[in-house]
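Peer 1: quick one: sequence plus predicted model below, questions after.
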2 protein chains.
Amino acid sequence: MERPKKITIEDVASHSGCSKATVSRVINHDKRVRPETAEHIMKSIEILGYHPNTIARALSGGKTFEIAVVVPDNWKAQPYYIKLIDAIEDVADAKGYHIILKRRKYLDSVIDLVNQKRIDGLIIRNMQVTEQDLGLFSRMERMGIPFILTGQPAGDYPFVKADNIGGGRAVAAFFCEMGYEKILYISGPETHIDSVDRLAGLRIGLSESRFNMENLYIEAGDYSKESGYNAAKRFFSSDKADAVFAANDRMALGALLYFRENSIRVPEDVSLAGYDDNFFSEFLSPPLTSVKLPMSEIGTIAMESLISMIENRERKGINMILPSRLVKRDSCRIKA
Amino acid sequence: MERPKKITIEDVASHSGCSKATVSRVINHDKRVRPETAEHIMKSIEILGYHPNTIARALSGGKTFEIAVVVPDNWKAQPYYIKLIDAIEDVADAKGYHIILKRRKYLDSVIDLVNQKRIDGLIIRNMQVTEQDLGLFSRMERMGIPFILTGQPAGDYPFVKADNIGGGRAVAAFFCEMGYEKILYISGPETHIDSVDRLAGLRIGLSESRFNMENLYIEAGDYSKESGYNAAKRFFSSDKADAVFAANDRMALGALLYFRENSIRVPEDVSLAGYDDNFFSEFLSPPLTSVKLPMSEIGTIAMESLISMIENRERKGINMILPSRLVKRDSCRIKA
DNA sequence: TATTTATGAAAAAACGTTTCCAAAAAAGAG
DNA sequence: CTCTTTTTTGGAAACGTTTTTTCATAAATA
């Protein structure tokens, strides 16, 4: 149980014959210290193996080098969040930051962290914007704690998000290229901007290819596997289409299950595409065509931007929309 | 940019007419303060809306209420880690702790946190034990920072892990029940204790059911999908078996792909089981029989135990092995 | 009644930084 | 060489707690 005897700034001061103040200035790269003095102190630091105590630093009004990352409660359902977090951590570590992970349900505890100034900033993955969110946002703004949204933009706070319109458009272009003439879109909840944007993109892309809009049908879902199943059932029990585009992969999976149960072959009888490029998509049979979200890029850019806001006391953060990529797999086939 | 004026212990002291020391004692439930005084102070705290500053607390030698959770570099491949983390966070939040997430590759930064006493404890998911790990473990022990392993036990440090032997045994019992008489085990890396344990469990279970051990075959893999594919290919190109048990789901998936390519029907021609009950297992066709790891339970117990070590200054942590559960799905069928 | 012992509360020291302010040293101007 | 300006440095306060020490009062013992 040996106590290795903490080396403090005091020790460095006495060893180098300077004052604590000067040593502090040296470690913080304050330019108003004579170069020779600085070098001398650096040597002492080296010899003693001194490392500044970050807690004391934080107390004295400095930074904590911790940021919070808030993910949705059910992030388990979307393993791509791991990519987001990994990217954030990569940037964070390079700059000496640590990340505190929080699910949305524990927002109260995040608010505590903010009030206590225990974090230098936040990255929030918000799928919708509640009153509580807005309260938190404005409080953070008042307290001067920077944050970045990586889900839905809100107010004019900084955000980094995926281009859902572009994704829908890419699917449309692909569908037209494959010769589909009758298309079913399975939507998410009406209030959910992602689903709305994807549909908007789909419409834009279809128009661009002179698709006859009367042959675009829409069934409502709620992002769940079951709702995808039911949407497919509602439509296909009395009708048929060349292709189905679901607003997310889980609904696409639901539709796939319906097709399988009813001997509708994919892609021979109907082509199918989803969105998110969820973990399981490539393992389905047939592997599912989907749109891959740029989660790594979002994480990287969000974190870089956040750090820049923290370190340069920038008030204004970025607004950025990153392109998504269509991943073509066997669930779509050219129409004969 | 209004500064809401921080309320400190000083304010509470003057408002209540007591000293900072007494207020501090009240917040920390020190019993040597007269109940009436305590109540009076509590009222002041209530009125002023005082919340102790955790950074100052930490500096003054107290706890930080932060713990680090270390996951493997490629945790992305194993989405069940999210369950582990969620369970840890649930317990943590209830007790007022925050979790700092770190991948194994950033262990240096974890060591910094330890040296600075910026965390009260750690939960480490370690798949193997390196020199660097052992160094960290012994340093933490010297510094009196509690930690718990949730992967491989090492030294006699506390751990919580899944029962791999029991899982293998359950598969064996199930296989015998289904009437399989010739079985292929696709192993993981030889050095990997999980795979070894699963095989050991398989052997135990088979013996218990008087299986003829000469009909147990083994092909080596390395946990990757490709290695599963190749293992299946090596064996089935010149032989056949009633059932295949892969040491993890990804290899089972690889085998499944081989079978599909070679028109070997699952489960009609061969039954298949994996391990981990990975996210995609239930979405395969056929859905894959697998062994589900008790990740939530591991997380809960690890965190509860860690907190108990932290708060009671317990030296000795727990050693615990939690049962795994066989999840039967359509990839296995009774042998005619 | 005088002396010791508990008990409750205040004052002060400690934790390790940063930063403000003033003093000292160096540099520049005349 | 003196006076002013600028640069560099040191002392001390501040950050908000916990903890140790000290002190006073009330209760208990002699």
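Peer 2: It's in. Numbering: from 1, shown residues only, chains lettered A, B, ... in the order given.
Peer 1: need the helices for chain A, in chain order.
Peer 2: For chain A, the helices defined by DSSP state H occupy A:9-16, A:20-27, A:35-48, A:54-59, A:81-94, A:107-115, A:131-143, A:164-177, A:193-208, A:225-236, A:249-261, A:295-312.
Peer 1: can you redo these as JSON lines with mean pLDDT?
Peer 2: JSON lines is the format used below for those (pLDDT from 0 to 100):
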{"stretch": "helix A:9-16", "mean pLDDT": "93"}
{"stretch": "helix A:20-27", "mean pLDDT": "94"}
{"stretch": "helix A:35-48", "mean pLDDT": "93"}
{"stretch": "helix A:54-59", "mean pLDDT": "94"}
{"stretch": "helix A:81-94", "mean pLDDT": "97"}
{"stretch": "helix A:107-115", "mean pLDDT": "91"}
{"stretch": "helix A:131-143", "mean pLDDT": "86"}
{"stretch": "helix A:164-177", "mean pLDDT": "97"}
{"stretch": "helix A:193-208", "mean pLDDT": "96"}
{"stretch": "helix A:225-236", "mean pLDDT": "96"}
{"stretch": "helix A:249-261", "mean pLDDT": "93"}
{"stretch": "helix A:295-312", "mean pLDDT": "95"}
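Peer 1: so who does A:K20 touch?
Peer 2: A:9-10, A:13 (Cβ atoms under 8 Å, 6 or more residues apart in numbering or on different chains). Every residue, glycine included, has its C-beta placed from N, CA and C.
Peer 1: equivalent analysis for A:R139, please.
Peer 2: Contacts of A:R139 by Cβ under 8 Å, 6+ apart are A:111, A:114.
Peer 1: ok, it to DNA strand C distance?
Peer 2: 23 Å (Cβ to the nearest atom of the strand, to the nearest Å).
Peer 1: let me have the helices of chain A in CSV, extended by distance to B:H40.
Peer 2: Shown next, in CSV, are the helices of chain A (distance: least, Cβ to Cβ, whole Å):
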stretch, distance to B:H40
helix A:9-16, 39
helix A:20-27, 40
helix A:35-48, 48
helix A:54-59, 29
helix A:81-94, 45
helix A:107-115, 25
helix A:131-143, 31
helix A:164-177, 57
helix A:193-208, 52
helix A:225-236, 57
helix A:249-261, 57
helix A:295-312, 41
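Peer 1: of those helices, flag the one that's most buried.
Peer 2: helix A:249-261 (a mean of 23; mean count of other Cβ atoms under 10 Å in any protein chain shown).
Peer 1: interface residues of the stretch 201-336 of chain A facing chain B?
Peer 2: Selection of the stretch 201-336 of chain A residues close to chain B by Cβ under 8 Å from any Cβ of the partner chain yields A:253, A:260, A:279-280, A:283-285.
Peer 1: now those residues: which count as buried?
Peer 2: A:253, A:279-280, A:283-285 (16 or more other Cβ atoms under 10 Å in any protein chain shown).
Peer 1: can you pick out the most distant pair from the residues you listed?
Peer 2: Of all pairs drawn from these, the greatest distance, 15.4 Å, lies between A:F279 and A:S285 (Cβ to Cβ).
Peer 1: which residue does the stretch 101-250 of chain A have closest to chain B?
Peer 2: A:L101 (4.6 Å; Cβ to the nearest Cβ).
Peer 1: just confirm that residue contacts A:I82, I think it does.
Peer 2: No. Look at A:L101 against A:I82 with Cβ atoms under 8 Å: they stay out of range, at 11.0 Å.
Peer 1: hang on, the earlier thing: which members of the residues of the stretch 201-336 of chain A next to chain B define the maximum pairwise distance?
Peer 2: A:R260 and A:F279 (20.0 Å).
Peer 1: now A:K6. Nearest residue, chain neighbours left out?
Peer 2: Excluding the flanking residues, the one nearest A:K6 by Cβ to Cβ, 6 or more residues apart in numbering or on different chains is A:N53, at 7.7 Å.
Peer 1: return the set of residues that bridge with A:I183.
Peer 2: Residues in a beta bridge with A:I183, per DSSP bridges, are A:L216, A:A243.
Peer 1: tally of neighbours for it?
Peer 2: 24 (other Cβ atoms under 10 Å in any protein chain shown).
Peer 1: what's near enough to touch the residue nearest to the spatial centre of chain A?
Peer 2: The residue lying closest to the centre of chain A (Cα atoms, centre = their mean) is A:T150, at 4.7 Å. Contacts for A:T150 (Cβ under 8 Å, 6+ apart) come out as A:84, A:123-126, A:159-161, A:298-299, A:302.
Peer 1: now for those residues, which pair is the farthest apart?
Peer 2: Once Cβ to Cβ is applied, those give A:N126 and A:G299 as the farthest pair, at 15.0 Å.
Peer 1: count of neighbours near the residue nearest to A:K6?
Peer 2: Residues lying near A:N53 (other Cβ under 10 Å) number 18.
Peer 1: distance of it relative to DNA strand C?
Peer 2: 3 Å.
Peer 1: any idea how far the closest residue to A:M303 other than its chain neighbours lies from B:K102?
Peer 2: The spatially closest residue to A:M303, leaving aside those adjacent along the chain, is A:V91, at 3.9 Å (Cβ to Cβ, 6+ apart). Distance of A:V91 to B:K102, computed by Cβ to Cβ, to the nearest Å: 14 Å.
Peer 1: again with A:T8
Peer 2: 26 Å.
Peer 1: those two: who's more crowded?
Peer 2: B:K102 (23 against 16).
Peer 1: what residues are up against that one?
Peer 2: When contacts are counted by Cβ under 8 Å, 6+ apart, B:K102 is found next to A:89, A:98, B:68-71, B:109-110.
Peer 1: try it again with 6 Å
Peer 2: B:68, B:70, B:110 (Cβ atoms under 6 Å, 6 or more residues apart in numbering or on different chains).
Peer 1: nearest to A:S331, out of the helices of chain A?
Peer 2: Closest approach to A:S331 among these (Cβ to Cβ): helix A:249-261, 7.8 Å.
Peer 1: now the stretch 201-336 of chain A against DNA strand C: closest residue?
Peer 2: Across the stretch 201-336 of chain A, the shortest distance to DNA strand C (Cβ to the nearest atom of the strand) belongs to A:R313, at 11.8 Å.
Peer 1: quick check, pLDDT for that residue.
Peer 2: Looking at A:R313, its pLDDT reads 74.
Peer 1: A:K335 now?
Peer 2: Predicted confidence (pLDDT) for A:K335: 85.
Peer 1: for it, which non-adjacent residue is closest in space?
Peer 2: A:G179 (3.9 Å).
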